[in-house]
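Trainee: Pasted the sequence and its predicted model underneath.
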Amino acid sequence: MHKQIREQQQSTMTAAQAIVACMKLEGIAKVFCVPGESYLPVLDALYDESSIDVISARHEGAAAFMAEGYAKCTLKPGIVLATRGVGAANLSIGVHTAYQDSTPMVIFLGQVHRRFRGREGFQEVDLDQFFQPITKWAVEVNDPERMPEIVQRAFRIAQTGRPGPVVVSLPEDVLPKEASMVFGPPIRRSKPAPSNSEMKDLELLLSTARTPLLIAGGGVKLSGAEEQLVQTAEKLSIPVMAAFRRHDVFPNQHPLYAGHLGLGTAKEILETVQEADLILAVGTRLSEVTTQDYQLIQPEQKLVHIDIDDRTLGKVFHPHLGIVADAQEALSALNALPIDVQWHNWSERANEAYVSGSNMPASDSSTIQDQIITSIMERVPEDTIFTNDAGNFAGWLHAYYRFTKKHTYVGPTSGAMGYGLPAAIGAKLANQEKKVIAMAGDGGFMMTVQELETAVRYDIPIIALVFNNRMYGTIRMHQEMHYPEKVIATDLGDVSFVDMAKSLGADGTYVLTIDDFNEALDQALTNNRPTVIEIIIGKEQISVTSTIEQLRERAQQ
């Protein structure tokens, strides 16, 4: 690598070739795109670079989801390319997801010719202004010789501090121009550590705590600090909760696991948080969902907030101690503290509350969704990766599935619909040796169902579970809660996802019973082909805990 860097420090090439050279320096192996004429020189440069695979999707939004899911699994920047204003607008949902999920991404967007800027040229949008609110940085490159400087800066910004997306706008007349290009070395992520004085303050807070609780977020995953988290928890015997959709940050079967803070969290788990006198939040922004509409943490509870981004500290809750640090460095320092206090009884109570709040219903009252989660846990390898769309169907996965291995869950904290299938494609490309299962409702799946053809074309054997109740279920639930029986805009028509899958070259199976599902899943795990398992469910069981009738009864009380 060092020889390669020296050879590439200065050479003459086109601006498009310089972009690809920067990708190669960063070890990028996959890029995702929908092709466009405004960035054809970049595609041509990628054609000449055998070390980088180009995955062409059917929709820019799906391409962005693929890149985002791929980045979550590899912990490297996801790369997505699209054309001008229309392609850029389409992929903005993936950019927003990466922004809220702190996922490193670099987005390259073709732009109109510089001569046409400001004239409302064909598909012209001020891309840097358009994306500024949902990116860490958005920039347009107007000087060919500055391409390496700006693209390498984009890679640095995307990966350092709190990771996130960066948009680079590329005027089409800049890309083919040659210049003498100067490259720097590959980006090295900084890993700031807590200061000695901060750790002494933390030691004092912990030594006087009676019921401390650790909430672990995506920063732990991005830092690769899962093992340090387990070691620290075990040394202190402190209970650990996972922030929203970060289930795999801590092994769920561990006796110190205290549950997942998300949508529909069991009251027993919430009560554990309310009982805590000290909350140690590591690598989490303490989002709206994690903190139950920002109401879960109270002023009388002491808060120690550790995050790599200083802007995260105090953004929602004012901490008693705020520490800017990488999660791995912080947990290692915490593990080295000479603390004798342990909280065995408290951690046992916290774990018992989690187990009580996440017990599967008795078999005589279980739904097919309950049975499917049980079946999955019995049948799939422990390192199977799950992705999921937005929707109430995910409540069963969140409530009952036990994530025992790291890097086995990829979900959008942004709550984006259409995410599950394309993210599964990205996850599978990042982990070809693992099984990857996407979970979606019929509403969200239909938004990116065309990417089944992408999976077939590139022979990417993902398994998609589609829970079909012919409605936008989550919105119907809220409709019934606030405007009972006034159903509007949430019912959907009949769609055969099995027939659609087969028409696109994938396998497909209908499921009406748990026996049907078991047979279909076993076959999908063996066939190693893109597969859709369509699970026909009724409308009445609207969520894990409620039926439509029960929601209507509560609204009348």
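Mentor: Received it, and whenever you're ready, just let me know what you need.

Trainee: quick one, helices of the stretch 1-150 of the chain?
Mentor: Counting by DSSP state H, counting those that start in this stretch, one finds helices in the stretch 1-150 of the chain at the ranges 2-8, 15-25, 40-47, 60-74, 84-101, 127-131, 147-159.

Trainee: Make CSV out of the ones you listed and add mean pLDDT and distance to residue 453.
Mentor: (Each C-beta comes from the backbone N, C-alpha and C, glycine too.) Output for the helices of the stretch 1-150 of the chain, formatted as CSV (pLDDT from 0 to 100; distance: least, C-beta to C-beta, whole Å):
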stretch, mean pLDDT, distance to residue 453
helix 2-8, 46, 37
helix 15-25, 98, 26
helix 40-47, 98, 20
helix 60-74, 98, 11
helix 84-101, 95, 17
helix 127-131, 92, 28
helix 147-159, 98, 29
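
Trainee: Deepest in the core, which of these is it.
Mentor: With neighbours defined as mean count of other C-beta atoms under 10 Å, the helices of the stretch 1-150 of the chain peak in mean count at helix 60-74, which reaches a mean of 30.

Trainee: quick one, what contacts residue 403?
Mentor: Shown in contact with residue 403 (C-beta atoms under 8 Å, 6 or more residues apart in numbering): 247-248, 251-252, 409.

Trainee: neighbour-wise, which of the residues you listed leads?
Mentor: residue 409 (25 neighbours; other C-beta atoms under 10 Å).

Trainee: Please name the bridge partners of that one.
Mentor: residue 386 (DSSP bridges).

Trainee: nearest to residue 115, of the contacts of residue 403?
Mentor: residue 409 (48.0 Å; C-beta to C-beta).

Trainee: contacting residues around the closest one?
Mentor: Per C-beta under 8 Å, 6+ apart, neighbours of residue 409: 245-248, 385-387, 403.

Trainee: distance between the ends of stretch 486-499?
Mentor: 33 Å (C-alpha to C-alpha, to the nearest Å).

Trainee: same question, stretch 367-387
Mentor: Note: stretch 367-387 ends 22 Å apart using C-alpha to C-alpha.

Trainee: re the thing from before, switch the contacts of residue 409 over to JSON lines; also include distance to residue 120.
Mentor: Converted to JSON lines, these look like this (distance: C-beta to C-beta, whole Å):
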{"residue": "245", "distance to residue 120": "40"}
{"residue": "246", "distance to residue 120": "43"}
{"residue": "247", "distance to residue 120": "47"}
{"residue": "248", "distance to residue 120": "47"}
{"residue": "385", "distance to residue 120": "44"}
{"residue": "386", "distance to residue 120": "45"}
{"residue": "387", "distance to residue 120": "39"}
{"residue": "403", "distance to residue 120": "50"}
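
Trainee: got those as TSV, with distance to residue 213 and pLDDT columns?
Mentor: As requested, the contacts of residue 409 are exported to TSV (distance: C-beta to C-beta, whole Å; pLDDT from 0 to 100):
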residue	distance to residue 213	pLDDT
245	19	95
246	15	97
247	17	95
248	19	97
385	28	98
386	26	98
387	28	97
403	19	97
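
Trainee: How is this protein divided into domains?
Mentor: 2-182, 196-357, 363-556 (automatic domain parsing).

Trainee: export the ones you listed to JSON lines and tack on distance to residue 188?
Mentor: Listed next are these as JSON lines, based on distance: least, C-beta to C-beta, whole Å:
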{"stretch": "domain 2-182", "distance to residue 188": "9"}
{"stretch": "domain 196-357", "distance to residue 188": "13"}
{"stretch": "domain 363-556", "distance to residue 188": "21"}
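
Trainee: between those domains, which one is nearest to residue 190?
Mentor: Per C-beta to C-beta, nearest to residue 190 of the domains of the chain: domain 2-182, 5.7 Å.

Trainee: hmm, back to that, so for residue 189, which of the domains of the chain sits nearest?
Mentor: Across the domains of the chain, closest to residue 189 is domain 2-182 (C-beta to C-beta), at 5.4 Å.

Trainee: so how far is the closest one off the chain centroid?
Mentor: With C-alpha atoms, centre = their mean, to the nearest Å as the basis, domain 2-182 stands 20 Å off its chain's centre.

Trainee: Show me which positions of stretch 440-458 end up buried.
Mentor: 440-457 (16 or more other C-beta atoms under 10 Å).

Trainee: Among those residues, which lie within strands?
Mentor: Counting by DSSP state E, the members of the buried residues of stretch 440-458 that fall within strands are 440-441.

Trainee: picking that back up, want to throw the helices of the stretch 1-150 of the chain into CSV with distance to residue 112?
Mentor: Compiled in CSV, the helices of the stretch 1-150 of the chain are given as follows (distance: least, C-beta to C-beta, whole Å):
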stretch, distance to residue 112
helix 2-8, 30
helix 15-25, 16
helix 40-47, 14
helix 60-74, 17
helix 84-101, 6
helix 127-131, 10
helix 147-159, 18
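
Trainee: Among the ones you listed, which comes closest to residue 213?
Mentor: helix 84-101 (23.2 Å).

Trainee: what is the orientation angle of that closest one with helix 147-159?
Mentor: Helix 84-101 and helix 147-159 are oriented at 40 degrees to each other (axes from the mean of the first three to the mean of the last three C-alpha atoms, to 10 degrees).

Trainee: Okay, angle between helix 84-101 and helix 60-74 too, please.
Mentor: Using the same axes, to 10 degrees: helix 84-101 against helix 60-74 is 30 degrees.

Trainee: send the alpha carbons of helix 84-101 over as PDB?
Mentor: Extracted C-alpha coordinates of helix 84-101, given in PDB (Å, rounded to 0.1, in the frame of the first residue of the first chain):
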ATOM      1  CA  ARG A  84     -28.100  15.500 -11.500                       C
ATOM      2  CA  GLY A  85     -31.200  16.700  -9.700                       C
ATOM      3  CA  VAL A  86     -33.600  13.900 -10.500                       C
ATOM      4  CA  GLY A  87     -31.300  11.100  -9.500                       C
ATOM      5  CA  ALA A  88     -30.100  13.000  -6.500                       C
ATOM      6  CA  ALA A  89     -33.600  13.700  -5.300                       C
ATOM      7  CA  ASN A  90     -34.400  10.000  -5.600                       C
ATOM      8  CA  LEU A  91     -31.400   8.900  -3.500                       C
ATOM      9  CA  SER A  92     -31.900  11.600  -0.800                       C
ATOM     10  CA  ILE A  93     -33.900   9.100   1.300                       C
ATOM     11  CA  GLY A  94     -30.700   7.000   1.700                       C
ATOM     12  CA  VAL A  95     -28.600  10.100   2.500                       C
ATOM     13  CA  HIS A  96     -31.100  11.100   5.200                       C
ATOM     14  CA  THR A  97     -30.900   7.500   6.600                       C
ATOM     15  CA  ALA A  98     -27.100   7.600   6.700                       C
ATOM     16  CA  TYR A  99     -27.300  11.000   8.400                       C
ATOM     17  CA  GLN A 100     -29.600   9.900  11.200                       C
ATOM     18  CA  ASP A 101     -27.900   6.500  11.500                       C
END
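
Trainee: If you count contacts, what does it end up packed against?
Mentor: Contact here means 3 or more C-beta pairs under 8 Å, 6 or more residues apart in numbering; DSSP states H and E; on that basis helix 84-101 packs against helix 60-74, strand 78-83, strand 105-111, helix 127-131, strand 165-171.

Trainee: mind redoing it with 10 Å?
Mentor: strand 30-33, helix 60-74, strand 78-83, strand 105-111, helix 127-131, strand 165-171, helix 420-430 (3 or more C-beta pairs under 10 Å, 6 or more residues apart in numbering; DSSP states H and E).
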